[in-house]
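Q: The sequence and its predicted three-dimensional model are supplied below.
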Amino acid sequence: MNQEKLAKLQAQVRIGGKGTARRKKKVVHKTATADDKKLQGSLKKLAVNNIAGIEEVNMIKDDGTVIHFNNPKVQASLSANTFAITGHAETKQLTEMLPGILSQLGADSLTNLRKLAEQFPRQFEVTERNKCSEQQQRLP
């Protein structure tokens, strides 16, 4: 093997300057699967049961966003008062979910939705005014 290449490789492994020890081993970072296994182990200790037949889960936040799970795995332990929802989650705006989510909204969310509906026509009018003024400025 070429001595120059070998010297370069040895220099890359050295942590400090000349005369310091080389690093012992490469640091391996844990993946999310290890955390998931620990979580499943903890849930198993709580004796959770799978709940079948749940097609979607929507968690509505105060700021008008929705955490949407499509076909989640839902587990529950009533004795420990614990519910676990796992699966692919998407964060969406409440307005994107509107037609299908109306039956799931509570009184608080409905009042927020009314406020959004009142603001929408005002925003539409402002954008139309801006478009008209831009068109008038373009005319010679």
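A: Yep, that arrived.
Q: Got phi/psi on the closest residue to residue 82 other than its chain neighbours?
A: With sequence-adjacent residues excluded and distances taken as Cβ to Cβ, 6 or more residues apart in numbering, residue 82 is closest to residue 46, at 5.6 Å. (Glycine included, C-beta is placed from N, CA and C.) With angles defined as degrees, to the nearest 10, residue 46 sits at phi -80, psi 0.
Q: Residue 81 is in contact with residue 46, correct?
A: No - the pair residue 46 and residue 81 fails to qualify as a contact (Cβ atoms under 8 Å) at a distance of 9.8 Å.
Q: which residues does residue 61 contact?
A: By Cβ atoms under 8 Å, 6 or more residues apart in numbering, the contact list for residue 61 reads residue 67.
Q: Compare residue 46 and residue 81 and say which is more crowded by neighbours.
A: Applying other Cβ atoms under 10 Å to residue 46 and residue 81 shows that residue 46 carries more neighbours, namely 14 against 8.
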